[in-house]
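K.L.:
Sequence and computational prediction follow.
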Amino acid sequence: MSLTKEVTADKIEIVTGENGPVVQVRTATRIVEDGAVISQSYHRHVINSGDDYSSEPANVRAICNAVFQEEG
């Protein structure tokens, strides 16, 4: 029996808000036993222009760089 925990940013959306675009990130946390997902939960957070997103995964940082660079 092998249990693993996988955390991934599985959905990244660009949404236009009142103050310009924001990046919404959905993080999925999955508990996997012998290749089968036995539990899954989600968390969402928003990244605004000017926020520090340096600790985000590379794919999220790349999207933030593109979105917020075009804004200026």
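P.N.:
Cool, got the structure. Numbering: from 1, shown residues only.
K.L.:
any idea which element R30 lies in?
P.N.:
R30 belongs to strand 20-33 when elements are defined using DSSP states H and E.
K.L.:
Over to I63?
P.N.:
Taking DSSP H and E as the criterion, I63 maps to helix 58-71.
K.L.:
what comes up buried for the worst-scoring helix or strand of the chain on mean pLDDT?
P.N.:
Using mean pLDDT, DSSP states H and E, helix 58-71 stands out as the lowest-scoring helix or strand of the chain, at a mean of 90. Residues 60, 63-64, 67-68 are the ones in helix 58-71 that count as buried (16 or more other Cβ atoms under 10 Å). To be clear about C-beta, it is placed using only N, CA and C from the backbone, and glycine gets the same treatment.
K.L.:
Farthest pair within the residues you listed?
P.N.:
Within those, V60 and F68 form the most distant pair, 12.0 Å apart (Cβ to Cβ).
K.L.:
hang on, I14 in a strand?
P.N.:
Yes. Using DSSP: H, G, I helix; E, B strand; the rest coil, the assignment for I14 is a strand.
K.L.:
Can you verify my assumption that it contacts P21?
P.N.:
Yes. Using Cβ atoms under 8 Å, I14 makes contact with P21 at a distance of 5.5 Å.
K.L.:
which one of those two has more residues nearby?
P.N.:
Using other Cβ atoms under 10 Å as the criterion, I14 and P21 rank with P21 on top: 16 against 12.
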